[in-house]
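Chemist: Predicted structure and sequence below. I'll ask about it afterward.
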Amino acid sequence: MLSKNLQFKIWRKVKLGEIVNITMGQSPHSEFYNTQGRGLPFYQGVTDFGEKYPKKSMYCSQAKKIAERDNIFFSVRAPVGSVNIATEKSCIGRGVAALQMKNGNNSFLYFLLKNYERYFKSVAGGTTYESINKDQIENIKILVPENSDDQKRIASILSAFDDKIELNNKISAALEQMAQTIFKEWFVKDKKSKKLKIERIGNIAKVVLGGTPSRLKKEYWDGDIPWINSGKANEFRIISASENITSEGLIKSNTQLMPKRATIIAITGATLGQVSLLEIDACANQSVIGIFGSELLSPEFIYLFIKEEILEIIQQAAGGAQQHINKGIIENYPIFIPSLEVNSKFSKIVKPIFDEISKNVFENQKLAALRDLLLPKLMSGEVEV
């Protein structure tokens, strides 16, 4: 049970090096890199970090520096201070340090470092770390509870939020896979056998290209209309804005308001070909295309179709060094059209699946907000466990 009770006598300020062991990463020779799973997972920097756990994409057959399972990955290059938890023995490159709590309370260490993320990104005087070395990490001063059991209780409370978020994410991923499997069983086989009518996407659904209101007009920004950039397409579902614009900004720019369940495609840059689904009404910038549902095709059908076809769509991308998918490519791309009866039956099966996913992602948003509200209070001793 939590109670508000300031008891700073059981908390003490220490240097991070007093309570953790630090292993600085070192990149092996590139000839030992591979994507075939040979050796250990290899993490080079913050680009390999996920929400809480790292994303495996590269391996190393001859590691120079190793992190053990449950070590805390700490980004030592800009942005400095981001943290993840190692899920297995891993090779770490020079953009990562592995931290191990000397008393074994690594779960507490993870949340402790999360609480100090903003601090790690700056030094006295306000300059931002481009990188941070072992001595600097060891000399960072932080407030910690002396009692190891208190550390465990704090970690347990915060982990409960993360565990529920992770469970919801697994359920949502399974539901999405179920919907995709149903889509393939119902339609992809028939597409190959040429039993379905084919039409251009632009003839049966509205396709819009985003835009950006002028940054020189303050009256266009900080309103109540959500506006997203292409980075949002990396998200499983889009449930929040990158920024907000005003009604005037919407009217006097090329951006357009897209409805909930519009399919979002990032059309250029590092996010080229990323696909997501809006769970809020929102506008977007010019690096995003939105496709709306229609009477002929439900928004869920369109989303599953685009997910199925996106690699083929990317192959049509124009440009040399900077490829991009233009609006015309999407409008002219062929889509198969089931009968109204079949589309209706399909929607009755799939829409509840998407609704359940939507419920999960919004619940996660609330859970994360509660966790983030509680985190600094627990880590300062303002709330005692």
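Modeler: Thanks, I have the structure now. Numbers count the residues shown, from 1 in each chain.

Chemist: Which residue, other than its chain neighbours, is closest to residue 118?
Modeler: Using C-beta to C-beta, 6 or more residues apart in numbering and skipping the chain neighbours, the partner closest in space to residue 118 is residue 81 (7.8 Å). To be clear about C-beta, it is placed using only N, CA and C from the backbone, and glycine gets the same treatment.

Chemist: and that neighbour, how many residues sit next to it?
Modeler: 22 (other C-beta atoms under 10 Å).

Chemist: who are the neighbours in contact with it?
Modeler: 74-75, 113, 116-121, 129, 132 (C-beta atoms under 8 Å, 6 or more residues apart in numbering).

Chemist: so which of the residues you listed comes closest to residue 22?
Modeler: Residue 22 lies nearest to residue 74 out of the contacts of residue 81, by C-beta to C-beta, at 8.1 Å.

Chemist: picking up where we left off before, select from the contacts of residue 81 the one having the most neighbours.
Modeler: With neighbours taken as other C-beta under 10 Å, the top of these is residue 74, carrying 28 neighbours.

Chemist: quick check, the residue nearest to residue 118 in a strand?
Modeler: No: using DSSP: H, G, I helix; E, B strand; the rest coil, the assignment for residue 81 is coil, not a strand.

Chemist: Ramachandran angles for it?
Modeler: Per-residue torsions, residue 81: phi 100, psi -10 (degrees, to the nearest 10).

Chemist: That one and residue 206, how far apart?
Modeler: Distance, residue 81 to residue 206, by C-beta to C-beta, to the nearest Å: 43 Å.

Chemist: on that earlier part again, of the contacts of residue 81, which belong to helices?
Modeler: Counted as lying in helices by DSSP state H, out of those, are 113, 117-120.

Chemist: Select, from the residues you listed, the two members most distant in space.
Modeler: Comparing every pair within those by C-beta to C-beta identifies 113 and 118 as the most remote, at 11.3 Å.

Chemist: and which of the contacts of residue 81 is nearest residue 21?
Modeler: Lowest distance from residue 21 to those (C-beta to C-beta) belongs to residue 74, with 12.1 Å.

Chemist: confidence score at the closest residue to the closest one other than its chain neighbours?
Modeler: Residue nearest to residue 74 in three dimensions, not counting chain neighbours: residue 97, with 4.5 Å by C-beta to C-beta, 6+ apart. Model confidence at residue 97, expressed as pLDDT, equals 97.

Chemist: Wait, a strand at residue 97?
Modeler: Yes: note on residue 97: a strand contains this position according to three-state DSSP.

Chemist: mind checking how far it is from residue 143?
Modeler: In this view, residue 97 and residue 143 are 21 Å apart by C-beta to C-beta.

Chemist: Neighbour count: the two, which is higher?
Modeler: For residue 97 and residue 143, the more surrounded residue by other C-beta under 10 Å is residue 97, and the numbers stand at 23 against 15.

Chemist: roughly how far apart are the more buried one and residue 52?
Modeler: Using C-beta to C-beta, we find residue 97 at a distance of 17 Å from residue 52.

Chemist: The longest helix seen in the chain - contacts with which helices or strands?
Modeler: Selection of the longest helix in the chain by residue count, based on DSSP H, yields helix 340-380. Using 3 or more C-beta pairs under 8 Å, 6 or more residues apart in numbering; DSSP states H and E as the contact criterion, the secondary-structure elements in contact with helix 340-380 are helix 106-115, helix 148-183, helix 299-315.

Chemist: just so I know, which of the ones you listed lies nearest residue 219?
Modeler: With C-beta to C-beta as the measure, helix 299-315 is the member of these nearest residue 219 (32.5 Å).

Chemist: Could you export the helices and strands packed on helix 340-380 as TSV, including distance to residue 56 and mean pLDDT?
Modeler: Supplementary listing: the helices and strands packed on helix 340-380 in TSV, determined by distance: least, C-beta to C-beta, whole Å; pLDDT from 0 to 100:
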stretch	distance to residue 56	mean pLDDT
helix 106-115	19	96
helix 148-183	16	97
helix 299-315	21	96
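
Chemist: Which one of those helices lies nearest to residue 349?
Modeler: If we rank those by C-beta to C-beta, the stretch that ends up nearest is helix 148-183, at 6.4 Å.

Chemist: Who's the closest spatial neighbour of the residue nearest the centre of the chain, skipping the chain neighbours?
Modeler: In the chain, the C-alpha nearest the mean C-alpha coordinate belongs to residue 235, at 5.0 Å (C-alpha atoms, centre = their mean). Nearest-residue entry for residue 235: residue 276, 5.6 Å, with adjacent residues in sequence omitted and distances by C-beta to C-beta, 6+ apart.

Chemist: what about the one you found, which helix or strand?
Modeler: Under the assignment given by DSSP states H and E, the secondary-structure element containing residue 276 is strand 275-277.

Chemist: helix or strand right after that strand?
Modeler: Beyond strand 275-277 on the C-terminal side, the first helix or strand identified by DSSP H and E is strand 283-284.

Chemist: rewinding a little: looking at the helices and strands packed on helix 340-380, which is nearest to residue 85?
Modeler: Across the helices and strands packed on helix 340-380, the minimum distance to residue 85, taken as C-beta to C-beta, is reached by helix 106-115, at 5.6 Å.

Chemist: coming back round to it: could you measure from the residue nearest to the centre of the chain over to residue 365?
Modeler: From residue 235 over to residue 365 (counting by C-beta to C-beta), the distance is 11 Å.

Chemist: Thanks again, I'm all set now.
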